[in-house]
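> any chance you could fold what I've pasted below:
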Amino acid sequence: MIECIARGRQRFEVKVTAIPIPSSRHPQRAQVRQVPSPVFSSPPSPTTPLRNLPRPTWLSDPKVLRTEVLGGLVVALALVPEAISFSVIAGVDPAIGLFASFTMAVTIAVVGGRPGMISAATGAVALVIAPVNREHGFGYLVATVILAGVFQIVLGVLGVAKLMRFVPRSVMVGFVNSLAVLIFMAQVPEMTDVPWGVYPLILGGLALMVFFPKVTTVVPAPLVSIVVLTVVTVGASIAVPTVGDKGELPSALPVPGLPDVPFTLDTLTTVAPYALAMALVGLMESLMTAKLVDDITDTRSSKTRESVGQGVANIVTGFFGGMGGCAMIGQTMINVRVSGARTRLSTFLAGAFLMVLCVVFGPVVSAIPMAALVAVMVMVSVATFDWHSIAPKTLRRMPAGEITVMVVTVVCVIATHNLAVGVVVGSVTAMVVFAKRVAHLADVTSVLDPDGAGVVYRVTGALFFASANDLVGRFDYAGDPGKVVIDLTAAHIWDASSVAALDAVEAKYAQRGKSVEIIGLNEPSARIHQTLSGELTGSH
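Next up, the predicted model:
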């Protein structure tokens, strides 16, 4: 049952309660069925005995354990070329990006708020911090990553995650679709100016991922595709680009240490702007990805914990000499949508397997053809895109404003290659569309006073800056009788612009020697009108 409960003035709380269904044999006895969480149970209270703590489902279900382990392995394989590519963008050694992906994934698996989501080195973060490394050196880059983590923790504690409620669905759809386009566009360089053998390998990999699940789902199709294509290229000695061509893999684990920078105020002022930009971009992408995973898995996650967790992960990554990162939507879709993983174990194993693959099985990983990984990412791109959103039937029914917001979001993301920019611009566009739509709902109608001594204007709708501008012109100042009543029973005053408009109406009538009485104000409207009326112009 969903119940709306009033909480104070203009605040409402939505309460969701479960109504037990009575048993047919015992009508007075309710049957309550407990449904175990597919991820982790709710956090225990401080008084819960240790023996009663909830156990992760993968500890008791071998099928879930297999899904999580194989999902983590597939993500680890996909992370290798991505991390190396982002290292190139940031202007650092490939090992730096791989170390960052390892520490981010392992740390966020423990402290993050969205189980199953993958965090690692990303292109958005690499673009932000690349100028720091180029202009000031690697030590300043590491310091930027650590400070960005501190900013993210502070923003998380301040409740920045709550701003996600202001992201409308049309922006979310645009975010998902633009993300799918970016994932595909990132694969285009791997499909141009390459040996002809790359194309049949990509087609073969796609065919395997489409038809293999019809045979069995015991092993993730992307893992089968990668293994088969690697065996084919190595066995047949097909000369195609491989993971090893992207850069040398690390041969040892990262070692913690402090950034090689002077600990002065000048250093702080140098890195702070980049750190704040990195914190905002990282949080926005991570929170949007977490919301997407919530929708896919039909589960809820703690966005505040995720915000703080991202900060902790970046601080740890910085002290291990990594380039920082945030949630990776592509790898998250591989883990959640393609592999079916749902718990923190897959995220942890993705980071752990990444280091094992690089340090122990470096030569084997280096032999993986890029075509295999391209096929996986193309499949992810197709699965991520919301095809229903562009179906002709949907577009015919969707309001023009919603379509505009979605298109603006997609265009901004693709033009800037920055998901955060697209989300901000799309949200602002949605606010403008909403304000314009609501402004048209405000209306003014006039009727003669039953006593015949004046006229009554009934105002309906929301009065705010967009609708208040038209309010002044809706009255007949010259033709109205000496007494005017403005009835706001069906209206609500939201801001100072509305109060100023009512003051202007009263002033215009007063200039003609006519009196105005405002009635029907609800309590919040009366309060703001009483506080601001007569105080918004210098003449008072």
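> gap between Met278 and Ala130?
Relative to Ala130, Met278 is positioned 11 Å away (C-beta to C-beta, to the nearest Å). Using the backbone N, CA and C atoms, a C-beta is placed for each residue, glycine as well.
> between those two, which one's more packed in?
Met278 (29 against 19; other C-beta atoms under 10 Å).
> check which helices and strands the helix or strand containing that one sits against.
Assigned by DSSP states H and E, Met278 falls within helix 265-297. With contacts taken as 3 or more C-beta pairs under 8 Å, 6 or more residues apart in numbering; DSSP states H and E, helix 265-297 sits against helix 123-136, helix 138-157, helix 169-187, helix 303-319, strand 326-327, helix 329-333, helix 419-439.
> can you give me how far it is from the chain middle?
11 Å (C-alpha atoms, centre = their mean, to the nearest Å).
> next, the angle helix 169-187 makes with it.
Calculated by axes from the mean of the first three to the mean of the last three C-alpha atoms, to 10 degrees, helix 265-297 forms an angle of 110 degrees with helix 169-187.
> same question for helix 265-297, mean pLDDT?
Taken as a whole, helix 265-297 has a mean pLDDT of 90.
> how about the backbone phi and psi for Val484?
phi -120, psi 130 (degrees, to the nearest 10).
> same question, Gly113
According to degrees, to the nearest 10, Gly113 has phi -110, psi -10.
> that one: what's it in contact with?
Ala290, Ser301, Ser302, Lys303, Thr304, Arg305, Glu306, Ser307, Val308, Gly309 (C-beta atoms under 8 Å, 6 or more residues apart in numbering).
> what's the weakest-modelled helix or strand in the protein?
In the chain, the helix or strand scored least confidently by mean pLDDT, DSSP states H and E is strand 30-31, which has a mean of 42.
> mind giving me JSON lines with the contacts of Gly113 and columns for distance to Asp93 and neighbour count?
Putting the contacts of Gly113 into JSON lines (distance: C-beta to C-beta, whole Å; neighbours: other C-beta atoms under 10 Å) gives the following:
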{"residue": "Ala290", "distance to Asp93": "30", "neighbour count": "28"}
{"residue": "Ser301", "distance to Asp93": "34", "neighbour count": "21"}
{"residue": "Ser302", "distance to Asp93": "35", "neighbour count": "15"}
{"residue": "Lys303", "distance to Asp93": "34", "neighbour count": "24"}
{"residue": "Thr304", "distance to Asp93": "35", "neighbour count": "18"}
{"residue": "Arg305", "distance to Asp93": "32", "neighbour count": "17"}
{"residue": "Glu306", "distance to Asp93": "29", "neighbour count": "27"}
{"residue": "Ser307", "distance to Asp93": "30", "neighbour count": "28"}
{"residue": "Val308", "distance to Asp93": "30", "neighbour count": "22"}
{"residue": "Gly309", "distance to Asp93": "27", "neighbour count": "25"}
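> does Leu536 touch Asp503 like I think?
Yes: using C-beta atoms under 8 Å, Leu536 is in contact with Asp503, at 6.5 Å.
> so the two - more neighbours on which side?
Asp503 (19 against 15).
> surely the more buried one touches Glu535?
No: counting by C-beta under 8 Å, Asp503 stays clear of Glu535, with 9.1 Å between them.
> quick one on the thing from earlier: buried stuff in the helix holding Met278?
Residues of helix 265-297 classed as buried by neighbour count (16 or more other C-beta atoms under 10 Å): 267, 270-271, 274-293, 297.
> ok and that helix relative to helix 138-157, angle-wise?
Using the same axes, to 10 degrees: helix 265-297 against helix 138-157 is 50 degrees.
> got the buried residues for stretch 477-484?
Applying 16+ other C-beta under 10 Å to stretch 477-484 flags Asp480, Lys483, Val484 as buried.
> ok, of these, which one's closest to Phe99?
Ranked by distance to Phe99 (C-beta to C-beta), the buried residues of stretch 477-484 are led by Val484 at 73.4 Å.
> beta-bridge partners for the closest one, please?
Assessed by DSSP bridges, Val484 has beta-bridge partners Val455, Val516.
> look up how far Gln511 lies from it.
From Val484 to Gln511 the distance is 13 Å (C-beta to C-beta).
> where does this protein dip in pLDDT?
The chain contains residues with pLDDT under 70 at 1-59, 449-452, 537-540.
> skipping its backbone neighbours, what lies nearest the residue nearest the centre of it in space?
What sits nearest the mean C-alpha location of the chain, by C-alpha atoms, centre = their mean, is Met288, with 0.6 Å. Once flanking residues are discounted, Met288 sits nearest to Phe175: 5.7 Å by C-beta to C-beta, 6 or more residues apart in numbering.
> would you agree the one you found is in contact with Val408?
No: look at Phe175 against Val408 with C-beta under 8 Å: they stay out of range, at 11.5 Å.
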